[in-house]
Structure formats: C-alpha cells, structure tokens
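1. Quick check, what structure comes out for this input:
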Amino acid sequence: MNTINPSKLHHSKWTAVHPRNKEKHFMVTQLIRDEDENVVDVVVEAIYSHRETLMPWQHLKDDSVWKMGWQ
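-> Numbers count the residues shown, from 1 in each chain. Purely as a prediction, here's the structure:
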C-alpha cells in the first residue's frame, strides 16, 4: 500500500497499473477540501486525453491500481 500525505498530492504524478483507453499516466490537478481544510477528494487528469476524474484521495493508496510517479 502506498503511503501518502494528502496535503502534498497536488501536481503529483501517477501511473495506472491497468491502463484503459491508452490512459496510463495521470497528474493530480486539484485537491478538494472540506470545511476543516482536510483533503477529501482529488481530481486526476489523464496526460494522454486530458480527461479529468474526481475520486477520493485514498484510492491512490491501492498499489494494485496505482503506482507513484510515471513508469
């Protein structure tokens, strides 16, 4: 399991373990925070297609789906 500090996710780079639609490399482009300024969600953008996806930041901890950095 990837260890992550959610406050340092902005502009971090990720590689999908099982790419879909040629979308392998992603970058976190936005952090969504709650009223207490805790990170709850992130917006990841596919580098190939520029498609954006909103998801809970905890999903990036699953190393069967995501790898840190571009590989």
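2. Sketch out the strands for this structure, chain order is fine.
-> 13-20, 23-33, 39-46, 52-56, 66-68 (DSSP state E).
3. Can you give me the buried ones in the last one?
-> Counting neighbours by 16 or more other C-beta atoms under 10 Å, one finds that the buried residues in strand 66-68 are W66. Where C-beta positions appear, they are placed from N, C-alpha and C, glycine not excepted.
4. What pairs with it, parallel or antiparallel?
-> strand 13-20 (antiparallel) (DSSP bridges).
5. how much does the partner strand deviate in direction from strand 23-33?
-> 130 degrees (axes from the mean of the first three to the mean of the last three C-alpha atoms, to 10 degrees).
6. which phi and psi does the closest residue to K22 other than its chain neighbours have?
-> The shortest distance from K22 to any non-neighbouring residue, by C-beta to C-beta, 6 or more residues apart in numbering, is to Y48 (5.2 Å). Note on Y48: its backbone torsions stand at phi -70, psi -50 [degrees, to the nearest 10].
7. contacting residues for Y48?
-> 22-25 (C-beta atoms under 8 Å, 6 or more residues apart in numbering).
8. Reformat the strands of the chain as TSV; add distance to I4 and mean pLDDT.
-> Formatted as TSV, the strands of the chain follow (distance: least, C-beta to C-beta, whole Å; pLDDT from 0 to 100):
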stretch	distance to I4	mean pLDDT
strand 13-20	10	96
strand 23-33	10	97
strand 39-46	10	97
strand 52-56	12	97
strand 66-68	8	95
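9. quick one, which of those is packed in tightest?
-> Neighbour counts (mean count of other C-beta atoms under 10 Å) averaged over each of these peak at strand 39-46, with a mean of 18.
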